[in-house]
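Asks: pasting the sequence and the predicted model now:
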Amino acid sequence: MSSDPTASLERPQQRAQPPAEPVDASGPHLTFRPDIQGIRALAVLLVIVHHLGGHGLSGGFIGVDVFFVVSGFLITSLLAREVDRSGRVSLVAFYARRARRILPAATVVTLGTVAASTLFLAALRTQTVITDAIWATLFGANVRFAMVGTDYFAQGEPPSPLQHYWSLSVEEQFYLVWPVIMLLCAAWGLRRGRGMGRRLAVAVLALIVVASFAWSVWTTYHSPTTAYFSTFARAWELGVGAGCALLLNTGRWRPPAAVTALLPWLGLVAIGSAALWLTPSTPFPGAVAALPVLGTAALILAGGHGRSTPVARLLSSTPAVRVGDWSYSLYLWHWPVIIVLRSHVGPHRFGSLLVQVAALAFIFALSYATYRWVETPFRTGRPWRRPSRALAIYPVCLALVAVGLVASDQTLRYRLGEFGNEPAISTADYPSGKLAHDSYVALVEASTLAAREGRAVPSRLQPRLLGLRQQTASLGDCDYRTGTHKLCPIGDTGADRTIVVLGDSHARALSPAVEALGAKYGYTVYVLVYSGCNANALEQIDRLTGRPWGACEDFKAWAREQVASMHPDYVLVSTSYGRYVDPDSGDVVGPSGSFDKYLGTLQAGYRDEFAGLEPDAGAVYVVGNTPKLPRETGVCLSQGDPDLGDCAFEPESRATRVAKASFAAAREAGVGVVDARKWFCADGVCPSVVGNFITMRDSEHMTPDYARWLATPLARALGIAGHG
């Protein structure tokens, strides 16, 4: 998902257009190449169709890679032309051109997206969009979305309407370096001859392409999500385009007629086959990205000799050139329109042909307006030709985005009723005969009754809705995903008795309860958790690579060693489930296959894990059956004007069956069970708010505030209460 912003090919003055610089790269005498606009049109249409649902183009995302090559070609053509003309590169002039071409349209779309999110999306999602807008405005969106993509707690969250800005960030990061390299090579050429400068530029570029391609292949194998957003893994694609520019700039590109006739068709076939053959599950970019990248290079070089071919005529046709003109705005607008509209009307309605045609028409209307009244005036207007004025666009855009984000944030706060006075739910609101004797269970029952009555959401929620997604239990210096093997005692750190919390993100979510329990009843607590890495004896599959997860297995072995050496009074296991290697067949098994068969394998893995812990601890308990809900509680509570009933859900049955399998495994292994369902649900309904506590930070992990509130009932369930 990228666009080359700068890359709008600027035409010589024609018709009533304001004067504009001619840009192309067929040699030292640069002329407008309409086929490049056609390539951009092809790229953006591939991306749009793919994001509308594919419609046969499962690999349409490779339009981004086409854009990268075109971008590298056009920018390097400009730089090479400047070196030929003056023997130098003006960085001030370069970044002034970038500012007036990129920033106005990008800022308009950013502000429009934030405004639409504020109006049509849940407040919790809009708050995330505000954060995304900050990263996008600072050209760090690729870093942001790489972190989100590898964040275990972000799994299942819908994509950001600003996610496509990652490609813009990749380009701008590349262009922080490449013009400087061209400048240094030009300076070398002034001292040693321009031919030496050109050869040095080619050598440095070749090194960048080779190193980046190698890194892309390596990191795509080991961490495909990181690779997808990585500038280092994408630089070679821009470099291939730059290489085309340097080659054509020499004026020596004179291919035989047979090559001229064949090359454009090979380019189209390469791009088309990639769009049809690749899928979103294909590890990408890696080596397979060479198909669309080299295909684009073939199209660029095929048009660089000045001869007409059927493909060049198609790409140079008026409709193709017009779409190419608008391609930057089309790229900017298409994704937020699709994401906001799909979220607002629902995936099912969005899938209808009528809605998609209407969405496409709206995208084109917005793009035309942005091109006509935003892009063109800044790109060609005389007032913006002065570098000082053009460079001032960036701080102005930063200020405009800041004002827009503050306005959105304040709107969200009012919408969420942070300034209201709705009371918390209390057991006193209902006759005692309707509620359990246990005060904690009774409050859950009262909250369920309040939800059935459709009562208003309390105003002073714990934690607050804004920032709910950031509510994860702190691990301090002992986040074992970093590779550390430290031990971080919490609770009553001077106590002789110990509790070990073991498992994955569910154990982490439980840890504030155990920490409070330890502080109150005199236990040192150690939290040995690794998000995503289940407490199960089966070999787990890494969700990011699809291969056995060595880091997880290493952690589990280390954690078992710690339990064996500590001999804690209690080991509390809380865990979820994933995909594993079946020890009998060697096949990968997961919940998407035969679920009954999967449960049997899963239960055996749980049993072996729990049985292995039992000899090394005073007592082992499996704490589980916290509900998995069909929707994020925070999104529901912040969407429109819900009452408590709108955000009360039935728990997902599959997770309940897994919890029962883990309890059965615990009993087979001779260890204890704490069923937490009664602290979250009553009569088959799970309210999102208990008292004034939001119970879940997402759809399956309890909030730290609610976990701390459960410390006392957890202590009673373990038989600890009263022993302090």
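Replies: Nice, I can see it. Numbers count the residues shown, from 1 in each chain.

Asks: mind checking the SS state of residue 627?
Replies: coil (DSSP: H, G, I helix; E, B strand; the rest coil).

Asks: CA atoms of stretch 45-56 as CSV?
Replies: Extracted in CSV, the C-alpha atoms of stretch 45-56 (Å, rounded to 0.1, in the frame of the first residue of the first chain):
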residue,chain,number,x,y,z
LEU,A,45,-6.3,0.3,-9.4
LEU,A,46,-4.8,-3.0,-8.3
VAL,A,47,-4.6,-1.8,-4.7
ILE,A,48,-8.2,-0.4,-4.7
VAL,A,49,-9.7,-3.5,-6.2
HIS,A,50,-7.8,-5.7,-3.8
HIS,A,51,-9.0,-3.6,-0.8
LEU,A,52,-12.6,-3.7,-2.0
GLY,A,53,-12.5,-7.4,-1.6
GLY,A,54,-10.1,-8.8,-4.2
HIS,A,55,-12.5,-9.7,-6.9
GLY,A,56,-10.0,-12.2,-8.2
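
Asks: how about that stretch: buried residues?
Replies: 45-52 (16 or more other CB atoms under 10 Å). Quick note: C-beta positions are derived from backbone N, CA and C, even for glycine.

Asks: residue 195 is in contact with residue 189, correct?
Replies: Yes - Residue 189 lies in contact with residue 195 (CB atoms under 8 Å); the separation is 7.5 Å.

Asks: of these two, which one has the most company?
Replies: residue 189 (20 against 10; other CB atoms under 10 Å).

Asks: centre of the chain versus the helix or strand containing the more buried one, how much separation?
Replies: Residue 189 belongs to helix 178-192 when assigned by DSSP states H and E. On the basis of CA atoms, centre = their mean, to the nearest Å, helix 178-192 sits 37 Å off its chain's mean C-alpha point.

Asks: likewise stretch 566-574?
Replies: Distance, centroid of stretch 566-574 to centroid of chain: 36 Å (CA atoms, centre = their mean).

Asks: and the contacts of it?
Replies: 497-504, 506-507, 509-510, 514, 523, 526, 535, 563, 609-610, 613, 616-624, 674, 718, 720 (CB atoms under 8 Å, 6 or more residues apart in numbering).

Asks: hmm, back to that, what's the closest of the buried residues of stretch 45-56 to residue 324?
Replies: residue 45 (10.0 Å; CB to CB).

Asks: for the closest one, what are its contacts?
Replies: Contacts of residue 45 were listed using CB under 8 Å, 6+ apart, and they are 63, 323.

Asks: quick one: the helices in the stretch 551-700 of the chain?
Replies: 595-613, 633-637, 653-669 (DSSP state H, counting those that start in this stretch).

Asks: most neighbours per residue, which of these?
Replies: For the helices of the stretch 551-700 of the chain, the largest average neighbour count (mean count of other CB atoms under 10 Å) is found in helix 633-637, namely a mean of 24.

Asks: hmm, who's touching it?
Replies: Under CB under 8 Å, 6+ apart, the answer for helix 633-637 is 122, 124-125, 457, 461, 465, 468-469, 642, 646-647, 688-689, 694-699.

Asks: if we can go back for a sec, please pick the buried ones from the contacts of stretch 566-574.
Replies: 497-504, 506-507, 509-510, 514, 523, 526, 535, 563, 609-610, 613, 616-617, 619-624, 674, 718, 720.

Asks: among these, which lie within strands?
Replies: 498-503, 526, 619-624, 674 (DSSP state E).

Asks: what's the closest of these to residue 216?
Replies: residue 503 (35.0 Å).

Asks: so for the closest one, what's the pLDDT?
Replies: pLDDT for residue 503: 97.

Asks: also residue 18?
Replies: 28.

Asks: check residue 555 too.
Replies: Residue 555 is given a pLDDT of 97.

Asks: go on, the one 4 residues further on?
Replies: Among the per-residue scores, residue 559 holds a pLDDT of 97.

Asks: go ahead and confirm it touches residue 528.
Replies: Yes - the criterion here is CB under 8 Å, and residue 559 meets it with residue 528 at 4.4 Å.

Asks: any shared contact partners between the two?
Replies: What both residue 559 and residue 528 touch, as defined by CB under 8 Å, 6+ apart, is the set residue 502.

Asks: burial of residue 68, as a residue count?
Replies: Residue 68, neighbours per other CB under 10 Å, totals 31.

Asks: OK, contacts around it?
Replies: 2, 4, 167, 170-171, 234, 237-238, 241, 293.

Asks: once you drop chain neighbours, what's closest to it?
Replies: Leaving aside its chain neighbours, residue 68 sits nearest to residue 237 (4.0 Å; criterion: CB to CB, 6 or more residues apart in numbering).

Asks: how about residue 180?
Replies: residue 91 (7.1 Å).

Asks: got the contact list for the one you found?
Replies: 179-180, 183.

Asks: how close does it get to residue 636?
Replies: Distance, residue 91 to residue 636, by CB to CB, to the nearest Å: 50 Å.

Asks: low pLDDT regions in this structure?
Replies: Across the chain, the ranges flagged by pLDDT under 70 are 1-31, 150-156, 194, 306, 417-420, 722-724.

Asks: all strands for it, in order.
Replies: Under DSSP E, the chain gives strands at 490-491, 498-503, 524-529, 539-540, 570-574, 580-581, 588-589, 619-624, 648-649, 672-675, 686-687, 689-690, 693-694.

Asks: export only the CA atoms of the second one, formatted as CSV.
Replies: In other words, strand 498-503. C-alpha atoms of strand 498-503 as CSV (Å, rounded to 0.1, in the frame of the first residue of the first chain):
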residue,chain,number,x,y,z
THR,A,498,6.1,-17.8,47.2
ILE,A,499,3.5,-17.9,44.4
VAL,A,500,4.5,-18.4,40.8
VAL,A,501,2.1,-17.2,38.0
LEU,A,502,2.7,-19.2,34.9
GLY,A,503,1.3,-18.9,31.4
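
Asks: ok, and what's touching that strand?
Replies: Contacts of strand 498-503 (CB under 8 Å, 6+ apart): 491, 507, 510-511, 514, 517-518, 523-529, 534-535, 559, 562-563, 566, 568-575, 613, 617.

Asks: I'd like to know how far the residue in the chain sticking out farthest from the centre sits from residue 449.
Replies: Note on the chain: the largest C-alpha distance from the chain mean falls to residue 433, namely 49.0 Å (CA atoms, centre = their mean). The gap separating residue 433 from residue 449 is 12 Å, by CB to CB.

Asks: again, but for residue 721
Replies: 27 Å.
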